[in-house]
Each structure stands twice: as C-alpha cells, then as structure tokens.
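Visitor: let me see the structure of the following:
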Amino acid sequence: MDRDILDVPKGENCPQRIVTCEYCEFPLPAIDLLEHQEVCWNRTELCHMCHKYVRFRECYGHESRCSSVVNDVAESSRIEGTSVKVIVENEEQVELSFTRTWDPSPEGKQSPLRIDRRFVMLHGSPGFYSYAIFEHLEDFPGFNLSTTRIACMLNKDLLHYMAISDNRQRYMPRPEDRLPPRGQELEYPEAVLLVDPVDLEFKGEVDDKYHYSIENKDNKVHGWISSDPPVGFWQIAPSNEYRNGGPLKQDLTSHVNPTTLAERIFYSNFNLAKYGRKCSDQFLSISILFRTGKLFGPVFIHLNIFYSLE
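Guide: The predicted structure is shown next:
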C-alpha cells in the first residue's frame with residue numbers, strides 16, 4: 001500500500017508518528033527508533049579504499065584517517081580564500097567573493113575543489129546572506145566528500161541561551177563543561193556527561209550536539225540570545241532547495257560552544273551516479289562534480305537587538 005494514503009500519526013508526541021533514522025534514512029514509528037538505531041549504527045560498511053570493514057557510526061572518522069583517500073580534514077574548520085573580488089556594488093547591494101583554488105603542493109591537506117565563498121549585504125537589512133559554489137575541474141583528482149557546512153563560532157562569554165524552535169529553547173552549558181575534569185566523555189566524543197559544570201543546574205546531564213537535531217521541514221531558524229547586551233544571532237534558511245534527504249531527514253542546528261551550523265549536504269544523495277562510483281549510502285567517490293558548480297546555501301544570518309523604551 002502506498003504510504004502516502006495511510007493515516008500517518010502527525011502528533012509531535014505520538015509514539016506511532018513516523019520518523020526517519022539519521023543513519024539509513026529508513027522511515028519507521030518513533031517508538032521503534034531507538035531499537036532500530038542500536039542495530040543500524042553498529043552495522044559495518046566496506047571501505048572501498050582500504051578494503052576494511054568499518055562500523056557505520058565510525059565511517060566519518062575512518063574516512064579522515066584512511067591513508068588511501070584524499071580528504072578535506074584540514075579544511076573542516078576554515079577555508080581560507082586566496083583571492084577576493086567584488087561581484088556587485090551599488091546603493092542596494094554589495095556582494096563579495098572569496099575564492100580558493102586547489103593547491104596540490106600540501107599533499108592531502110586540501111580538498112581538490114575550486115571553492116567560491118560569497119557574502120551578500122542588502123541595504124537596510126539587519127544581517128547578511130552567505131553561500132558557496134564548489135567546482136571540481138577536469139584535471140582535479142577524485143576524492144570523498146561527505147559533508148559541507150557553514151559554521152558560526154560565537155562568543156562564549158555573551159551567548160548562553162539557545163533556541164531551535166518554539167518549544168526547544170533553554171540556557172546551555174558552557175564549552176568548558178565538556179572538558180575534563182568537568183565533563184566525562186561517553187561512548188562517542190559528542191556525548192559528554194557533565195559531572196562538575198560551572199552552573200550546577202546542568203550537573204548529571206548528558207550534552208550531545210545530536211540532541212539538538214531537527215527535521216528539515218522544521219529547520220527554518222535557530223540561534224543564540226545574549227541578555228547583556230540584549231542581542232540575538234540567528235541563522236535563517238530562506239529555502240529548502242539545497243537540502244537533501246527529504247522533509248523528515250534530521251540534521252544539526254546549534255549546540256554548545258556556542259556554535260550555529262547551516263545544514264550539511266551529503267553529495268551521495270544527489271543524482272551523481274554518472275559522475276562517480278558510489279561506495280555506500282553516505283559516501284561518493286567523486287571523479288567529476290558538476291563543472292558548472294554546485295551551490296551550497298544560501299543561508300541568512302540575522303542580527304537583532306532589543307531597545308528598551310527607557
């Protein structure tokens with residue numbers, strides 16, 4: 001029977017509502033999700049580069065360590081532009097381009113892509129747009145590209161209150177709470193037990209950035225608030241067009257640091273079969289990546305401030 005004609009529970013707290021496994025994207029009732037994921041993330045995948053079987057939950061870390069694959073680990077935190085160009089400059093709009101073309105000399109330290117990062121400011125707008133264009137040129141080698149992100153690392157001394165939806169917002173632990181001896185790492189690095197946090201109200205909690213994931217259909221705005229000064233930092237998604245995995249696909253939002261993330265893209269979910277060899281559901285060995293350019297974004301960074309009537 002076509003699932004679209006079923007009476008699918010839609011209540012947010014209904015145990016029979018349909019959710020999607022973040023590892024295999026299989027839809028199933030929420031009540032069965034934990035049991036399913038316990039098996040799903042422990043299954044193994046064959047790495048086509050080193051021919052070893054790797055647990056699915058360790059695929060990302062293994063990819064960065066596997067000596068047989070070109071990767072972009074060194075650029076996971078920041079991509080430095082080597083040239084700048086003014087694309088548009090008038091009374092209504094300014095658009096800047098920061099471009100970096102692949103340099104093969106630092107072997108294994110750069111992903112073989114031409115990356116064009118754009119920033120757009122409009123007259124009278126309280127923020128800016130950001131997007132990126134990725135090009136894989138004909139003479140560039142193939143490589144594995146798992147994720148791309150736009151990440152904003154914010155001031156930890158100012159921003160302590162996080163909001164990702166109307167009913168999911170709270171004061172957050174501090175980044176030092178995640179480090180020993182205040183925090184104790186659990187089964188995987190993202191999950192940390194807070195044993196001696198700065199604010200004792202968080203003692204005994206487990207902080208994990210995946211706790212703050214949200215379904216694509218609801219991932220419209222999230223960010224951080226400071227009370228002194230009373231300012232807000234928000235990431236707004238103007239469009240879902242660049243996202244993948246469907247409306248029930250969960251992805252990261254904001255988390256302790258404080259950090260605000262744009263949604264990541266798994267290129268293997270795009271129709272690239274004719275451009276490369278697919279090696280699993282989550283990775284693609286890319287030989288040619290749309291030479292006309294692949295767009296990531298745009299996202300809008302909105303900044304606001306509260307003015308007292310006094």
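
Visitor: mind picking out the helix or strand in the protein with the poorest mean pLDDT?
Guide: The weakest-scoring helix or strand in the chain, judged by mean pLDDT, DSSP states H and E, is strand 276-278 (a mean of 36).

Visitor: buried stuff in stretch 219-238?
Guide: By neighbour count on 16 or more other CB atoms under 10 Å, the buried set for stretch 219-238 is 219, 222, 223, 224, 225, 226, 232, 233, 234, 235, 237. Glycine gets a C-beta too; all of them are placed from N, C-alpha and C.

Visitor: repeat for stretch 97-110
Guide: Quick answer for stretch 97-110 (16+ other CB under 10 Å): 97, 98, 99, 100, 102, 110.

Visitor: assumed residue 112 was part of a helix.
Guide: No. Under DSSP: H, G, I helix; E, B strand; the rest coil, residue 112 sits outside any helix and is assigned coil.

Visitor: surely it and residue 135 touch.
Guide: No. Taking contacts as CB atoms under 8 Å, residue 112 lies outside contact range of residue 135: 10.3 Å.

Visitor: which stretches of this structure form helices?
Guide: With DSSP state H, the ranges of helices along the chain come out as 33-40, 59-65.

Visitor: ok, now how distant is residue 243 from residue 20?
Guide: Going from residue 243 to residue 20 by CB to CB, to the nearest Å gives 13 Å.

Visitor: what sits in contact with each of the two?
Guide: residue 249 (CB atoms under 8 Å, 6 or more residues apart in numbering).

Visitor: which stretches of the stretch 51-200 of the chain form strands?
Guide: In the stretch 51-200 of the chain, the strands defined using DSSP state E, counting those that start in this stretch lie at 53-55, 83-89, 93-100, 114-122, 127-135, 143-144, 151-153, 161-165, 168-171, 183-185, 192-194.

Visitor: and among those strands, the most buried is which?
Guide: Most buried of the strands of the stretch 51-200 of the chain by mean neighbour count (mean count of other CB atoms under 10 Å) is strand 143-144; its value is a mean of 22.

Visitor: looking at that strand now, give me its mean pLDDT.
Guide: Averaged across strand 143-144, pLDDT comes to 67.

Visitor: next one: stretch 116-134
Guide: If you average the pLDDT values across stretch 116-134, you get 93.

Visitor: and the gap between residue 248 and residue 159?
Guide: 30 Å.

Visitor: which one's more surrounded, those two?
Guide: Set side by side, residue 248 and residue 159 show unequal neighbour counts under other CB atoms under 10 Å, the larger going to residue 159 at 21 against 16.

Visitor: just the terminal-to-terminal distance for stretch 250-262.
Guide: Taking CA to CA, to the nearest Å, stretch 250-262 runs 13 Å from one end to the other.

Visitor: so which of the buried residues of stretch 97-110 is the closest to residue 117?
Guide: Residue 117 lies nearest to residue 98 out of the buried residues of stretch 97-110, by CB to CB, at 4.6 Å.

Visitor: what's opposite that closest one in the beta bridge?
Guide: residue 84, residue 117 (DSSP bridges).

Visitor: does residue 153 touch residue 255 like I think?
Guide: No. With contact defined as CB under 8 Å, residue 153 and residue 255 do not form a contacting pair (11.2 Å).

Visitor: show me what contacts residue 297?
Guide: 129, 130, 131, 132, 150, 242, 262.

Visitor: let's go with 10 Å and repeat that
Guide: 117-118, 129-133, 148, 150, 237-239, 241-242, 262-263, 265 (CB atoms under 10 Å, 6 or more residues apart in numbering).

Visitor: same check on residue 248?
Guide: 17, 18, 19, 20, 21, 25, 27, 215, 216, 217, 218.
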